[in-house]
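> Have a look at this prediction, sequence included:
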Amino acid sequence: MKDSSGGLWSFRCICRDGIYAKPVFSKGWLEFVNAKNLKIDDEVVVYKEKDVEAAVPYRIEVRRKIMRLMGQDIWIELLAHSQNLPVNAR
């Protein structure tokens, strides 16, 4: 997956069986969480690129709510800390 900074990330995605059947990211996920300094209530969005010819078919964005103004949530997009960028983005 490609993030907004142009960094490439690889995750293993598995689907659980049973009552809590849902996709789960495993390998590579904690590195991403630490690089983006994710906190509880941050929003992570994964998009599939419309261009099927794209070299990287998925995009990932992280947003954090910073305030509520006139009844609307105000979000900012989080970028990686420079010392924690994926290897290919340094």
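Nice, I can see it.
> The helix or strand bottoming out on mean pLDDT in the chain pairs with which strands, parallel or anti?
Scoring the helices and strands of the chain by mean pLDDT, DSSP states H and E places strand 23-25 at the bottom, with a mean of 86. Under the criterion DSSP bridges, strand 23-25 sits next to strand 13-15 (antiparallel) in its sheet.
> residues making contact with the strand it pairs with?
Strand 13-15 is contacted by residues Ala21, Lys22, Pro23, Val24, Phe25, Ser26 when judged by C-beta atoms under 8 Å, 6 or more residues apart in numbering. Where C-beta positions appear, they are placed from N, C-alpha and C, glycine not excepted.
> pLDDT averaged over that strand - what is it?
Across strand 13-15, the average pLDDT comes to 88.
> you'd agree Arg12 is up against Lys27?
Yes: if you go by C-beta atoms under 8 Å, Arg12 and Lys27 touch, sitting 3.9 Å apart.
> and Glu49, what pLDDT?
Reported pLDDT at Glu49 in the predicted model: 82.
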